[in-house]
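**Student:** Structure for this input, please:
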Amino acid sequence: MDKILSKLLKRRKLVATIFIVAAVAFAVCIPFVSINYNMVDYLPDTAQSTRALSEMEAEFVQTVPNAKAMIKNTSVSEALSYKHKISEIDGVKLVMWLDDVVDVKEPLEVLDKDIVSGYYKDNTALIQIAIESGKEAEVVDEIRKIIGAGNCLSGDAVDSAQSQSMSETESLKSMAILVPMLIIILIISTNHWLEPILYLAAIGISVLINMGTNIFFDDISYLTFAISPILQMAVSLDYAIFLLHRFEYYRPREQSNEAAMVKAMRVSFKSIIASAATTAFGFMALTFMNFKIGFDLGLNLVKGILISFVCVVIFMPCLTLLLVKALDKTKHKSFVPKVKNVGGIVRKIKTPVLIFVAILIIPSFVAQNNNSFIYGTSGWDTESRAAHDTVKINETFGESINMVLLVPKGDVAREKELCNELGGIKNVTSVVAYASMVGNVIPPGYLDESITAQFYSEHYARIILYVSTPSESKEAFECVEQVREVANGYYDDVLTCGQSANTYDIKDVVTEDSTRVNIINILAIGLVLLLTFRSISLPVMLIMTIETSIWINLAIPYFTGTTIGYIGYLVMTTVQLGATVDYAILFTDNYLHNRRKMLPGEAIELTINKNLSSIMVSASILISAGIALNLVSSNAVIAQLGTLLSRGTGFSLLLVVFFLPGMLIAFDKIVEKTTLKTDFFKGVGKK
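**Tutor:** Take a look at the predicted model:
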């Protein structure tokens, strides 16, 4: 092993060059990585929405509107002119207005008021638009130029366009905030001015390689693109810190810098791989989600951890030896205040802390299980232009979202009966279908294909419902259930999609994912802890410590009445357990070492005094990552994930420092009996 490492270090210029060239090459690939902003694409193939969208795309030429433009102070002829101009934009697949449902050559006063008011009211026109997926940003810009700044534009496609325009810049802004914060933390906690640059170079190169290798996938989700680089950097910096601290320790004890690095690499390998394994297993649990955005994010983060691991154990030792002279010239005194008797304080208050946390566990667990969740991406944004436009449109025309129903083609009379019953469902304002608009008197074959194509394909009849609810709400979900129930009474094979139906399916899928992901996460990390400590009791105690911090963290939104994004909640729970359990591992490993020389109380006190600074540095890095996400992201799901992550990391730190010591002392005999080769000290001293 030492010979292999020595040969590697002798070729350090070549190794460093290879990694730097790879980082530059993959950095060039990053702008060409395809990013997916459509959450519905990540539903499993068996979900109704997925099947409905797939069948509709395959069989219907005309798509369902995903945006709407409100134009004020306009006449019917001017509205028709706007409609024509919008229809000529590349990427616009369909434009619908009043002239598609009634004859606008007739006076509006003699037409059905309910139909007219859905498209034209108080000299204001509401035009429905279908925008091609992937072209939302360009098309929305063109539509805004046509309708002018004083008019409004909203809908799924507009929200997607907003996300597209902000995603890349926000990721860079997050890094721009995080990196200076990390440099400050590392300068305070290290002894060389150059040391933070070494850390950030090693991990920064791994982040660039990870982001660039996404070019090999068809696409990645916007959530992955936004948070993966931040989380990768935050959770893997510890590996670099472990290695360089070991190198500094062995330098005065070995004959050469190369020999010191070889020993540092060999000795720190166990700690680095254990830390990487717990984090990777935490992220890997996400890949077991049926909602495929979990697989997308989990795979990317696991890939990032593996690349960070390789960069730290191969690239960083070579880079460090190349810059060791410069490193020595930048030595400075430590800015970290010496920790005096914190361990003594913790030991004195261990019993009250144990009792206090034990009292919190049950209410926290119950509270976090009863949080209010948002499952889609709507309902969060209140500040953007799109959000303001949505409010103005709703004030004029009322809440209105589309729901599409696909039923087997062939029986127009049955379709008409279904449409009549659907129209009686609460919050369904109108039903647009061949049977409801043309009727069952005129067979579809007698009409022009341009009229029937929007209603019939080879196998399906398409019914479009307009619903007066927010896209995600209790009322919206009840409406989806009622529509599906009524339709299933007429047909055996029914498919539904639309924003509320899609979100309803996301809710079903992710709530099933929650239990599975948490169990896999706990079992996987428990296995790593079992192998690391060769103990039955210690994995339980360490996981209980971090899980309790997670429950307390998630109980706060319940008591403050804050709604949580369910996807962010799932990601946060896996990340917090996988990343912050490392603090408990470091603490417990050092405690077991000290326990062989002294009694529990003394071992705890020494462990805290010696390791508190290291744990605080690691926690500060992850807290900074959460703050960076929260400060920069305009996407409320990501911003809230940042808040939960930074706060949860703080709770993990507090429980590892104050709660875990009490457990280790209280269950000392159980730990000794359930752990291999403890060799605990049996002498006389303070307990």
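
**Student:** Tell me the secondary structure at residue 128.
**Tutor:** strand (DSSP: H, G, I helix; E, B strand; the rest coil).

**Student:** Next, the contact list for it, please.
**Tutor:** Contacts for residue 128 (Cβ atoms under 8 Å, 6 or more residues apart in numbering) come out as 65, 67, 68, 94, 95, 96, 97. Every C-beta, even on glycine, is put in place using the N, C-alpha and C of the backbone.

**Student:** okay, now the second one: neighbour count?
**Tutor:** The criterion is other Cβ atoms under 10 Å. On that basis, residue 67 has 26 neighbouring residues.

**Student:** what does the fourth one give?
**Tutor:** Applying other Cβ under 10 Å, we find 18 residues neighbouring residue 94.

**Student:** Looks to me like it is in a helix.
**Tutor:** No. The assignment for residue 94, made by three-state DSSP, is strand rather than a helix.

**Student:** hey, what's it bridged with?
**Tutor:** On the basis of DSSP bridges, residue 94 is bridged to residue 130.

**Student:** Tabulate the contacts of residue 128 in JSON lines, adding columns for distance to residue 410 and pLDDT.
**Tutor:** Formatted as JSON lines, the contacts of residue 128 follow (distance: Cβ to Cβ, whole Å; pLDDT from 0 to 100):
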{"residue": "65", "distance to residue 410": "26", "pLDDT": "83"}
{"residue": "67", "distance to residue 410": "32", "pLDDT": "89"}
{"residue": "68", "distance to residue 410": "32", "pLDDT": "91"}
{"residue": "94", "distance to residue 410": "25", "pLDDT": "85"}
{"residue": "95", "distance to residue 410": "30", "pLDDT": "89"}
{"residue": "96", "distance to residue 410": "26", "pLDDT": "86"}
{"residue": "97", "distance to residue 410": "30", "pLDDT": "88"}
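
**Student:** Out of these, who's the most crowded?
**Tutor:** residue 67 (26 neighbours).

**Student:** quick one: which two of the contacts of residue 128 are the most distant?
**Tutor:** Greatest spacing in the contacts of residue 128, by Cβ to Cβ: 67 and 97 (13.1 Å).

**Student:** pretty sure residue 386 is touching residue 159, no?
**Tutor:** Yes. Taking contacts as Cβ atoms under 8 Å, residue 386 lies within contact range of residue 159: 5.9 Å.

**Student:** okay, these two: which has more neighbours?
**Tutor:** Ranked by neighbour count (other Cβ under 10 Å), residue 386 and residue 159 place residue 159 first, with 25 against 20.

**Student:** Can you give me the separation between the more buried one and residue 481?
**Tutor:** 25 Å (Cβ to Cβ, to the nearest Å).

**Student:** again with residue 105
**Tutor:** As judged by Cβ to Cβ, residue 105 and residue 481 stand 41 Å apart.

**Student:** repeat for residue 492
**Tutor:** 18 Å.

**Student:** If I look at residue 442, what pLDDT would I see?
**Tutor:** At residue 442, the pLDDT value in this model is 49.

**Student:** If you count neighbours, what's buried in stretch 630-642?
**Tutor:** By 16 or more other Cβ atoms under 10 Å, the buried positions in stretch 630-642 come out as 630, 632, 633, 634, 635, 636, 637, 638, 639, 640, 641, 642.

**Student:** In this structure the third one contacts residue 163, no?
**Tutor:** No. Under the contact definition of Cβ under 8 Å, residue 633 does not touch residue 163, with a separation of 10.4 Å.

**Student:** okay, how far is it across stretch 286-300, tip to tip?
**Tutor:** End-to-end distance of stretch 286-300 (Cα to Cα, to the nearest Å): 10 Å.

**Student:** ditto for stretch 332-346
**Tutor:** Stretch 332-346 has its terminal residues 31 Å apart, counting by Cα to Cα.

**Student:** Give me the mean pLDDT for that stretch.
**Tutor:** Average pLDDT, stretch 332-346: 80.

**Student:** Which positions in it come out as buried?
**Tutor:** 343, 346.

**Student:** Show the subsequent helix or strand relative to the one helix or strand in the chain whose mean pLDDT sits lowest.
**Tutor:** When the helices and strands of the chain are scored by mean pLDDT, DSSP states H and E, helix 449-452 comes last with a mean of 60. Downstream of helix 449-452, the next assigned helix or strand under DSSP states H and E is strand 460-467.

**Student:** Now do whatever helix or strand comes next after that following strand: which elements does it pack against?
**Tutor:** Per DSSP H and E, the first helix or strand lying C-terminal to strand 460-467 is helix 474-488. With contacts taken as 3 or more Cβ pairs under 8 Å, 6 or more residues apart in numbering; DSSP states H and E, helix 474-488 sits against strand 401-408, helix 412-423, strand 460-467, strand 495-497, helix 499-533.

**Student:** cutoff 10 Å now
**Tutor:** helix 48-59, strand 401-408, helix 412-423, strand 428-432, strand 460-467, strand 495-497, helix 499-533 (3 or more Cβ pairs under 10 Å, 6 or more residues apart in numbering; DSSP states H and E).

**Student:** picking that back up, who has more neighbours out of residue 105 and residue 481?
**Tutor:** Per other Cβ under 10 Å, whichever of residue 105 and residue 481 has more neighbours is residue 481, with 12 against 7.

**Student:** thinking again about what came up before, closest to residue 524 out of the buried residues of stretch 630-642?
**Tutor:** residue 641 (21.4 Å).

**Student:** quick one: contacts for the closest one?
**Tutor:** Listed by Cβ atoms under 10 Å, 6 or more residues apart in numbering, the contact partners of residue 641 are 223, 226-227, 231, 564-565, 567-572, 575, 626, 629-630, 633, 635.

**Student:** among the residues you listed, which are in strands?
**Tutor:** Counting by DSSP state E, these place 564, 565 in strands.

**Student:** number of nearby residues for the residue nearest to residue 504 when sequence neighbours are not counted?
**Tutor:** Nearest residue to residue 504, sequence neighbours excluded (Cβ to Cβ, 6 or more residues apart in numbering): residue 480, at 4.6 Å. Look at residue 480: counted by other Cβ under 10 Å, it has 24 neighbours.

**Student:** Is residue 480 in contact with residue 498, as I believe?
**Tutor:** Yes. If you go by Cβ atoms under 10 Å, residue 480 and residue 498 touch, sitting 8.4 Å apart.

**Student:** so what's in contact with those two at the same time?
**Tutor:** 49, 403, 467, 504.

**Student:** Roughly how far does the second one sit from residue 461?
**Tutor:** What it means is residue 403. From residue 403 to residue 461 the distance is 15 Å (Cβ to Cβ).

**Student:** And for the first one?
**Tutor:** According to Cβ to Cβ, residue 49 and residue 461 sit 18 Å apart.

**Student:** Could you pull up phi and psi at residue 22?
**Tutor:** phi -60, psi -40 (degrees, to the nearest 10).

**Student:** residues contacting it?
**Tutor:** Taking Cβ under 10 Å, 6+ apart, we find residue 22 in contact with 205, 208, 209, 212, 213, 307, 311, 315.

**Student:** most surrounded residue in the residues you listed?
**Tutor:** For the contacts of residue 22, neighbours tallied by other Cβ under 10 Å; top is residue 311, 26 neighbours.
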